[in-house]
Every structure is written in structure tokens, then in C-alpha cells.
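Novice: okay, structure incoming, though there's no sequence with it:
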């Protein structure tokens, strides 16, 4: 059935970020649409950002394009040069290799909902604001390449 | 600027369909987002369908996935098995190689607006309802491979 039954697709706020960065996306609830839909050319997630939540840490990908389509509500797009409001019906695009970190932050009092399209990350992803790096094919590390402690408080 | 200024992107109702099939999409006005955005991993179009217009002739692609995100209004998704209404906020996905032609028809009294994501067609595209075929890397032909007359009435 091409029309996706969103309610039947698991919604989660899981993240691979280590603390203290995971808490910033605790209010990001997403459904991965592509396994359910049977697509393989690109990925897509249906994301609900609760008030105060970030879509991700501010980042940019060396090798993957991203597209965001806002469905309802609004959020603030943060980049090096400043902030831009993205409202329902608006679209933002992030070409691969452009070294300008971006993320959305829900500074409204209501949920916002968007669809994000992109390929799975296979290249380095850079986080300009924080001590985090995602290596090609690897996991999250400190910027010096050392591993984060996992499962410790 | 990642946020796309839709009003600055050319909107057109051009089509490569020969008549009599072109008329069905005369009320389909679209903006190609990807040249403006600088993306290359996938394509995206922002489409306004006027009342009565089709998104395309009913078709399926051998080699390209498609995703549709409805932004406002509603349209009817037509497939072999029947019809399904797609409303604002809903998503439909069409995996490559599934031999079930699909298109959207705006049977409402208002415009509907959606974003369609996919790669440029490089494989055969099949049109089950009409005498039309799009060959891999080629143009539109009759199903027997003969060319349509161009520029004649």
C-alpha cells in the first residue's frame, strides 16, 4: 500500500549520540519511513519535534544531501550565519560538502512535524559546536578520535 | 541559503507527454527544487495540482523509487486496486519495480500541493492505461516503439 500508515510505523526518540548531546534530542520523535515503504534510493524520516527539542546537533555531511519539508508548526534553522524560521509548507535543502552546520530547533510552544530525506550517512559528519565526530562507516567519537564511554554515568 | 525561496524558482506546467496525454497534466504546475538547491543525490519537485489535474499519467518505474509528501489540500491516489485519498500531512511511497501504476488526481475543488522526491528516470517507465512508453534513456513512444508525431495538430 503506497499510502503509509504512519500510526503503524514505530515512533522512537532513540539516538546514537553520547551524553551530554543525547538530551538535546530527547524531544525528537521519529518514524523511519523507508523500511516500511520498501524504498532503497534514499531514506526518509517523519519527525515530530517537541517544544525545545533539536532535530540533531548542528552538523554537516561530507557526502550526503539532505532535504527537509515542514508539514506543520515551525522551527528555527540554525546555521553559521544566523537563524531562519521554517514554517509549514516550506522546504530547506542541504547539499553535501557545504561546510556550514545546520539543525532545526523548535522554539515554538507546539510540536512541529517535518519529513527529512537523505541517504544513510557513509561519509564523515562534522559537528562544529561540540566535541563530536562521526567518521565514515564508524560511530561517534570525540574530535580527537577517542571513544566515548558507553553505559557509564 | 538552505531555506528555498519557492517564489524565486520557476513554476511551469511543461510536459514531455504527447497529446492527447499532455492535456491531463495542464493543471500541474511544478518547481524543480534540486537545481536551485544544489542537490544531486535525488530530485525533488514542489507541485501544485489544480482541480481536475493529474500529477502524471498513471505509471510505474522499473528503476526509481518515488516518495510523495502532501503539504496542503488532498488528492486521490489511483492504483490497480482502487483509489485512496491522500491528505495534507500524509506520505505515499512507490518502490521501484512494483508493477502497479499510480498517479494522483485532484478531485477536490481547491489546489493541492505536494513535494515529490525521486531520482531522474533512467529506466523504463510503464503506462498501463494508455498507448505510451518511456524507454530507458529515451523519449516517449507508442507502446510498439513508434514515435509520436511532434508539432502536428
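Specialist: Great, that's in hand. A quick note: this is a predicted structure, and the numbers were derived from the prediction, not measured.

Novice: tell me the buried residues in whichever strand or helix holds residue A:86?
Specialist: In this structure, residue A:86 sits in strand A:82-87 according to DSSP states H and E. Buried residues in strand A:82-87, counted by 16 or more other CB atoms under 10 Å in any protein chain shown: A:84, A:86. For glycine as for every other residue, the C-beta is placed from the backbone atoms N, C-alpha and C.

Novice: identify all contacting residues around it.
Specialist: Strand A:82-87 is contacted from outside by A:68, A:70, A:74-77, A:92, A:104, A:114, B:1-3, using CB atoms under 8 Å, 6 or more residues apart in numbering or on different chains.

Novice: adjacent strands (with direction) for it?
Specialist: The strands that strand A:82-87 pairs with in its sheet are strand A:74-79 (antiparallel) (by DSSP bridges).

Novice: which residues in chain A form helices?
Specialist: A:33-37 (DSSP state H).

Novice: okay, and the helix or strand of it with the least pLDDT?
Specialist: helix A:33-37 (a mean of 89; mean pLDDT, DSSP states H and E).

Novice: other SSEs contacting that helix?
Specialist: Taking 3 or more CB pairs under 8 Å, 6 or more residues apart in numbering or on different chains; DSSP states H and E as contact, the helices and strands that helix A:33-37 lies on are strand A:43-49, strand B:91-94.

Novice: what is the mean pLDDT for the longest one?
Specialist: Over the span of strand A:43-49, the pLDDT mean works out to 97.

Novice: what of the last one?
Specialist: The average pLDDT for strand B:91-94 rounds to 98.

Novice: what's the closest of the helices and strands packed on helix A:33-37 to residue A:62?
Specialist: strand A:43-49 (16.9 Å; CB to CB).

Novice: in its sheet, what does the closest one sit against?
Specialist: Applying DSSP bridges, strand A:43-49 is found paired with strand A:28-32 (antiparallel), strand A:112-118 (antiparallel).

Novice: so how far is it off the chain centroid?
Specialist: Taking CA atoms, centre = their mean, to the nearest Å, one finds strand A:43-49 lying 8 Å from the centre of the chain it belongs to.

Novice: and if you look at stretch A:105-125?
Specialist: 4 Å.

Novice: with stretch A:34-47 instead?
Specialist: Distance, centroid of stretch A:34-47 to centroid of chain: 14 Å (CA atoms, centre = their mean).

Novice: next, the distance between the ends of that stretch.
Specialist: Stretch A:34-47 has an end-to-end distance of 13 Å (CA to CA, to the nearest Å).

Novice: could I get the buried residue list for it?
Specialist: Buried residues in stretch A:34-47, defined by neighbour count with 16+ other CB under 10 Å: A:34, A:36-37, A:39, A:41-47.

Novice: neighbours of residue A:76, just the number please.
Specialist: Residue A:76 is flanked by 17 other residues according to other CB atoms under 10 Å in any protein chain shown.

Novice: and the helices and strands packed on helix A:33-37 as a markdown table, adding distance to residue A:108?
Specialist: Formatted as a markdown table, the helices and strands packed on helix A:33-37 follow (distance: least, CB to CB, whole Å):
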| stretch | distance to residue A:108 |
| --- | --- |
| strand A:43-49 | 9 |
| strand B:91-94 | 22 |
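
Novice: nearest to residue A:148, of those?
Specialist: Closest among those, using CB to CB: strand A:43-49, at 23.5 Å.

Novice: what does the closest one contact?
Specialist: Defining contact as CB under 8 Å, 6+ apart, one finds that strand A:43-49 is touched by A:6, A:9, A:11, A:27-34, A:37, A:55, A:73, A:75, A:104, A:106, A:111-120, B:67, B:91, B:93, B:117.
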